[in-house]
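Participant: could you look at this predicted model? Sequence included:
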Amino acid sequence: MATSSCRDDETDDSDHMVDITNFFEGAVASLSYSEPFLCNEESFSLQDSMAALELMDPKMDCCEIPTSKTEEGIGPKQGEGIEVLGPFPTTVPPRNLPRGLYDELLTLPWDDLTLRQARIICLEAATRLESMLSGSSVAESTYTCLYAHDCVLKDMSERLAAPSSDIAQATKSAQKSVYSSTLLLVKLSESVRTVVQHADIYEEEDFTVNAYGFDFSPDINDGALRTVVESAMRELEEYLVGKESNQDVADADIIRLLLGFQLDLSEACSLMTKLSTENACSLMTKLSTKNVKDFVGRVKNIVTSGSEKIKKAKGLVLGIEKGTRPSSLKDELDVVSQSFDSFINRRLLGNAPVRKVKFQNHIGSLESLATVMEEIDWAACDLLLHGSTLGRIRRMLAHISASSVNILSRSIIVLNLYFDDLLLGQHSLSQMISQHMQQISGAPSSLVETDYGRSFLNRLGKPVYDTLKVLALNRNRQRAYADALMFREWAGLKMEAAAVDYYYKQEKDSDLQSTPFATNYVLHTTVWLMEHHLGTGVELGLFPGHHDLSVAFWYWDFLLSTQLNISTVMRKAKVERKVHDAKIIREHEEKKVAEFQPRGKKKGKKTSANSRNIPVALSTFMAPTKQDLEDNTEFMLLGLRRTLCRGIVRLIAALNQAEVLNKPSW
């Protein structure tokens, strides 16, 4: 049974209850230091003893909640209904899960709910969503909202469905808003968890997939969710008609913007997941390149709209918080304490120590959520829209990796990186590798069209895909992935590339074909991978001290120099091939002109139009393409980075020579 499901009502029958107090006190009185056990000593093991220690010791029992302010933690202070005894903190167990809006242990704000209270609850729900996206489990984020539990959601749904004419419009709007916001929080948590789990690139510091038995309201599907949210937004819009600018109007605007943002984020996650799953077949008969771009363009519009809404909501919240009085702040804290409890699911986490979850303030949470929305836009959508070449895709993914994009956007990227046997669902991987090899190394088309050339391209498929996928991993884990899989794979490819070059040279015996195109391509990618591996280590601080950094930057300079040398050789080979092809084109065009040239041409007669078109055709052929301009920019940046590494090495050497830095002691 799910953790958040309703518990059966228990009826106490006093006729069948037996008072065992006297019996228990008599048993306790019989204990002594020589016989300290109430149980059978033969069956009481060391494991049972250690488990009993955790239950009895407040420091060991992590399920207990501190109730006083001490050096170890901060809890409710004395005077809040909990008696504090002695200098040490007293602890209490977490309260039970709510069984409805009106529980015998707690009462959630509902009948007299105001728009101001609804705005606070919606903003707090946004902080829980941000915490979940930052890596907290749903038990420590989403379901710390007491409204989010299944029994409360069901109770709210039934009360909203019941006819009632004596409820004020403002109260009804607030109730629908809280219900919609909570339902969006739950379903968004499910959608994000599904995306991250299917992509399977998360690490412990990225995301927690354990649902702890929560089932995320399975009775509510996407259609029902949209209906509920749109109904709440219409209710708010009707309430705002004819209202002057006051506190309620500002609260209603913020709630409406937050609901719109959450709905846009939910729809974007759903659509981007469907793009790479079997459900896409029901969405479109066959996804062509144009269809994929149109589909992603639709998602991009949704994400842009959601980003604008959350930014506008942030501006309104800033305006309200600047004018908030201390008395109003106390009322807000009371609403939060009634509606949210960070410790309510503490039993589910066990006695093992867990990381402390710290929720951001409202402005910080909205900024973080806006950043997540923008990352889906420029990282995931733009990659699918503009990733038309392998070099461009790698550069875009390298920028995404360096920007430390949220796990949600990186998971969406991995899900859509390769599906329907196509890269980004649009391009043949072997064909893109062939074009990339011709683009950067100048490999002739006759090489990749041979049987062994095509086999080599197919062999390159998985390693090249891994070089793209590694850039979507956690920045801290990319080095381990490269060490475990990629270096060994690319080292083995060098022998196969050398064999391809050998067979091609034997088949095409000329000076142009003496360049080892396949070997240069594999070597270029291998050195790039080594340079990325070292640069990531420097960025993560794995080289402490000036001595280690000096060695690291010296080796980085060496790798960048090697990469520059290989790139220079490939660029030279590409120019030679272009000149060779241009010569062939000129000879072919001159031959065509000679065939159509009339005989008996007199001196001084104007040349034909076909003759004048030959230089134009050659200049068009030799003109740099967009890919050439991108490669030239990358080549220039490569030289700048090498110069920077050399400068750092010389700076450290100068500081050592001047005895400014301490010499390492071994």
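Facilitator: Arrived safely, thanks for sending.
Participant: can you name the residues that contact the most centrally placed residue in the chain?
Facilitator: Taking C-alpha atoms, centre = their mean, the centroid of the chain lies closest to Ile407, which sits 1.9 Å from it. Going by C-beta atoms under 8 Å, 6 or more residues apart in numbering, Ile407 touches Leu133, Gly135, Val196, Ile201, Tyr202, Asp206, Phe207, Asn474. For the C-beta atoms, the positions are set from N, CA and C on the backbone; glycine is no exception.
Participant: just the residues you listed: which are in helices?
Facilitator: Leu133, Val196 (DSSP state H).
Participant: for the contacts of Ile407, pick the one with the most neighbours.
Facilitator: Greatest neighbour count in these, by other C-beta atoms under 10 Å, goes to Phe207: 26 neighbours.
Participant: what's the pLDDT at that residue?
Facilitator: Model confidence at Phe207, given as pLDDT, is 90.
Participant: which stretches of the stretch 51-200 of the chain form strands?
Facilitator: Counting by DSSP state E, counting those that start in this stretch, residue ranges of the strands within the stretch 51-200 of the chain are 65-66, 91-92.
Participant: hang on, the earlier thing: just give the nearest non-adjacent residue to the residue nearest to the centre of the chain, would you?
Facilitator: Nearest non-adjacent residue to Ile407, counting by C-beta to C-beta, 6 or more residues apart in numbering: Asp206, 4.2 Å away.
Participant: what sits against the one you found?
Facilitator: Gly135, Val196, Ile407, Asn474.
Participant: burial of the nearest residue to Ala174 once chain neighbours are set aside, as a residue count?
Facilitator: Nearest residue to Ala174 in three dimensions, chain neighbours excluded: Ala118, at 3.8 Å (C-beta to C-beta, 6+ apart). Residues near Ala118, counting by other C-beta under 10 Å, number 29.
Participant: Ala118 and His16: what is the separation?
Facilitator: Look at Ala118 and His16: by C-beta to C-beta, to the nearest Å, they are 45 Å apart.
Participant: can you check Asn662 too?
Facilitator: Relative to His16, and taking C-beta to C-beta, Asn662 is found at 79 Å.
Participant: okay, these two: which has more neighbours?
Facilitator: Between Asn662 and His16, counting by other C-beta under 10 Å, Asn662 is the more crowded of the two (10 against 6).
Participant: so what does that one have for phi and psi?
Facilitator: Asn662 adopts backbone torsions of phi -70, psi 140, taken as degrees, to the nearest 10.
Participant: now stretch 373-390: how far from the chain's centre is it?
Facilitator: 13 Å (C-alpha atoms, centre = their mean, to the nearest Å).
Participant: so which bits of it are buried?
Facilitator: 373-381, 383-385, 387-390 (16 or more other C-beta atoms under 10 Å).
Participant: now, which of those lie within helices?
Facilitator: Those of the buried residues of stretch 373-390 lying in helices (DSSP H): Met373, Glu374, Glu375, Leu383, Leu384, Leu385, Leu390.
Participant: my read: the first one touches Lys309, true?
Facilitator: Put plainly, it is Met373. No: using C-beta atoms under 8 Å, Met373 is not in contact with Lys309; the gap is 9.0 Å.
Participant: which neighbours do these two have in common?
Facilitator: In contact with both Met373 and Lys309: Phe261, Asp264, using C-beta under 8 Å, 6+ apart.
Participant: how about low-confidence regions in the stretch 551-666 of the chain?
Facilitator: 585, 587-590, 592-593, 595-622, 666 (pLDDT under 70).
Participant: what about 80?
Facilitator: 578-624, 663-666 (pLDDT under 80).
Participant: the stretch 101-250 of the chain too?
Facilitator: Looking at the stretch 101-250 of the chain by pLDDT under 80, you get 103-106, 164-166, 242-246.
Participant: that one: helices as residue ranges?
Facilitator: Using DSSP state H, counting those that start in this stretch, the helices of the stretch 101-250 of the chain run over residues 115-133, 150-161, 169-199, 222-240, 247-274.
Participant: check which residues of the third one are buried.
Facilitator: Of the residues in helix 169-199, 170-196, 199 count as buried by neighbour count, 16+ other C-beta under 10 Å.
Participant: also the last one?
Facilitator: Counting neighbours by 16+ other C-beta under 10 Å, one finds that the buried residues in helix 247-274 are 248, 250-274.
Participant: thought Arg95 was touching Arg346, still the case?
Facilitator: No: judged on C-beta under 8 Å, Arg346 makes no contact with Arg95 at a distance of 9.8 Å.
Participant: have a look at those two and say which one is more surrounded.
Facilitator: Arg346 (20 against 15).
Participant: how close does that one get to Lys154?
Facilitator: Taking C-beta to C-beta, one finds Arg346 at 24 Å from Lys154.
Participant: the lengthiest helix in the chain packs against which elements?
Facilitator: Counting residues, the longest helix in the chain under DSSP H turns out to be helix 545-596. Counting by 3 or more C-beta pairs under 8 Å, 6 or more residues apart in numbering; DSSP states H and E, the packing neighbours recorded for helix 545-596 are helix 429-441, helix 517-539, helix 609-622, helix 626-657.
Participant: which of these sits closest to Glu332?
Facilitator: Glu332 lies closest to helix 517-539 among the helices and strands packed on helix 545-596, at 41.0 Å (C-beta to C-beta).
Participant: now the closest one, how far from the centre of its chain.
Facilitator: 25 Å.
Participant: per-residue confidence averaged over that helix?
Facilitator: 94.
Participant: which residues touch the closest residue to Ser189 other than its chain neighbours?
Facilitator: Nearest residue to Ser189 in three dimensions, chain neighbours excluded: Thr142, at 4.4 Å (C-beta to C-beta, 6+ apart). The contact partners of Thr142, taken as C-beta under 8 Å, 6+ apart, are Arg128, Leu129, Met132, Ala148, Leu185, Val186, Ser189, Phe214.
Participant: try it again at 7 Å.
Facilitator: Thr142 makes contacts with Arg128, Met132, Ala148, Leu185, Val186, Ser189, as judged by C-beta atoms under 7 Å, 6 or more residues apart in numbering.
Participant: count of residues packed around the second one?
Facilitator: Per other C-beta under 10 Å, the neighbour tally for Met132 reads 24.
Participant: which pLDDT value belongs to the residue nearest to the centre of the chain?
Facilitator: We have a pLDDT of 94 for Ile407.
Participant: equivalent analysis for Leu85, please.
Facilitator: For Leu85, pLDDT reads 42.
Participant: with mean neighbour count and distance to Phe487 added, can I get the helices and strands packed on helix 545-596 in a markdown table?
Facilitator: Shown next, in a markdown table, are these (neighbours: other C-beta atoms under 10 Å; distance: least, C-beta to C-beta, whole Å):
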| stretch | mean neighbour count | distance to Phe487 |
| --- | --- | --- |
| helix 429-441 | 21 | 19 |
| helix 517-539 | 20 | 7 |
| helix 609-622 | 12 | 38 |
| helix 626-657 | 14 | 21 |
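Participant: how about CSV for those, with distance to Lys330 added?
Facilitator: Formatted as CSV, the helices and strands packed on helix 545-596 follow (distance: least, C-beta to C-beta, whole Å):
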stretch, distance to Lys330
helix 429-441, 61
helix 517-539, 45
helix 609-622, 74
helix 626-657, 54
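Participant: closest one to Asp111 among these?
Facilitator: Using C-beta to C-beta, the nearest of those to Asp111 is helix 517-539, at 55.0 Å.
Participant: let me know the closest of the ones in helices among the buried residues of stretch 373-390 to Val464.
Facilitator: For these, the nearest to Val464 is Leu390 (7.3 Å; C-beta to C-beta).
Participant: quick check: that closest one vs Ser342, distance?
Facilitator: From Leu390 to Ser342 the distance is 47 Å (C-beta to C-beta).
Participant: quick check: the farthest pair among the contacts of Asp206?
Facilitator: Val196 and Asn474 (12.0 Å).
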